[in-house]
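**Student:** below are the sequence and a predicted model; questions follow.
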Amino acid sequence: MRDLITVQGVVLSAMPVGEYDKRIVLLTRERGKISAFAKGARRMNSPFMAAANPFVFGSFTLYEGRTSYNLNQVTVTHHFVELAGMQPGIYYGYYFLELADYFGREGTDEREMMNLLYVTVKALLNPHIDDRLVRCVYELRMMEVQGLCPQISSCAVCDCTPDEQAPVYFSQQEHGMLCAACALGVLDAVRISRAAWYAMQYIVSVPMGKLYTFSVKEDVLQELEYHIHRYTSANTDRKFKSLQVLEMICS
């Protein structure tokens, strides 16, 4: 009997292999991002039929083959099937999975990224939270989890904290907030409202369970979209297919 391992994870993607099998990509707490074959997952009576799909969170028992893992058993904790019928929520969800797949690495502890995905998918199901805000929060918090977060709490150049009435700026070039003095001469420095600045500080510092417990006005949301989306794009080098579809249907 081959040695079995059990990991806690989420299915990031699934693709058909052959006539009846699937290859799934898992983000796991214990082993980072790994791939596994789910043999027979496309058969109607397969115990893996519902589990070998994106957005499935659960406990996955695997055995290691010569080139990849093989799925032996699954205990599903959350499957979020209701997201499939939500427009454009499902496309936001696929983008979030794709971004997690981009940053996921084998052999690393991905507990924080898994938790971020879980609370974010739950937020997509909440009709009281704007999907556009969910994307902003997810992207910026993902940057924080990956150690790519812009400097937000103080000036990225001189490390001062601007007075309450002083203007603040955001610079992609300088990777964060700037005080008025340091913004002089920085070509891409854009003034940002205090409300947007405070929202960004909240996103990167609040406990994960409270990440989606706030809202912002439309003008502030537009600021967050402008700065966070550009920052995320600058720190990734891939064209995300799901994001291209999302932007097309939301334009």
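**Tutor:** Received it, and whenever you're ready, just let me know what you need. Numbering: from 1, shown residues only.
**Student:** just checking: what are the partner strands of the helix or strand residue 7 falls within?
**Tutor:** Using DSSP states H and E, the element containing residue 7 is strand 4-17. Strand 4-17 has the following sheet partners, assigned by DSSP bridges: strand 21-28 (antiparallel), strand 57-64 (antiparallel).
**Student:** nearest to residue 116, of these?
**Tutor:** strand 21-28 (10.4 Å; Cβ to Cβ). (Glycine included, C-beta is placed from N, CA and C.)
**Student:** is the spatially most central residue of the chain in a helix, a strand, or coil?
**Tutor:** The structure's the chain has its C-alpha centroid closest to residue 96; by Cα atoms, centre = their mean the separation is 4.3 Å. Three-state assignment for residue 96 (DSSP: H, G, I helix; E, B strand; the rest coil): helix.
**Student:** who's in contact with residue 179?
**Tutor:** 155, 157-158, 160, 162, 166, 168-169 (Cβ atoms under 8 Å, 6 or more residues apart in numbering).
**Student:** of the residues you listed, just the buried ones, PyMOL syntax please.
**Tutor:** Entered in PyMOL, the line below selects the buried ones among the contacts of residue 179, by 16 or more other Cβ atoms under 10 Å:
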select buried, resi 155+157+162+168+169
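**Student:** got the CA positions of the helix or strand where residue 123 lies in CSV?
**Tutor:** Here residue 123 sits within helix 111-124, counting by DSSP H and E. Written as CSV, here are the backbone C-alpha positions of helix 111-124 (Å, rounded to 0.1, in the frame of the first residue of the first chain):
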residue,chain,number,x,y,z
ARG,A,111,-2.2,29.1,4.9
GLU,A,112,-2.5,32.9,4.6
MET,A,113,-3.3,32.7,0.9
MET,A,114,-5.9,30.0,1.4
ASN,A,115,-7.6,32.0,4.2
LEU,A,116,-7.6,35.0,1.9
LEU,A,117,-9.2,33.1,-0.9
TYR,A,118,-11.9,31.7,1.5
VAL,A,119,-13.0,35.0,2.9
THR,A,120,-12.9,36.6,-0.5
VAL,A,121,-15.1,34.0,-2.2
LYS,A,122,-17.6,34.4,0.8
ALA,A,123,-17.5,38.1,0.2
LEU,A,124,-18.5,37.6,-3.5
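**Student:** mind listing what's buried in that helix?
**Tutor:** So, applying 16+ other Cβ under 10 Å, buried residues of helix 111-124: 113-114, 116-121, 123-124.
**Student:** closest one of the residues you listed to residue 205?
**Tutor:** Looking across the buried residues of helix 111-124 and measuring by Cβ to Cβ, the closest to residue 205 is residue 116, at 13.9 Å.
**Student:** what's in contact with stretch 38-52?
**Tutor:** 11, 14, 16, 19-24, 56, 58, 70-71, 73-74, 76, 79.
**Student:** ok, now with 7 Å
**Tutor:** Here stretch 38-52 makes contact (Cβ atoms under 7 Å, 6 or more residues apart in numbering) with 11, 14, 16, 20-22, 24, 58, 70-71, 74, 76, 79.
**Student:** can you tell me which of those residues is nearest residue 227?
**Tutor:** residue 11 (31.4 Å).
**Student:** hmm, back to that, how about the strands paired with strand 4-17, which one is nearest residue 143?
**Tutor:** Closest among those, using Cβ to Cβ: strand 21-28, at 17.1 Å.
**Student:** for the closest one, what is the average pLDDT?
**Tutor:** The predicted model assigns strand 21-28 a mean pLDDT of 96.
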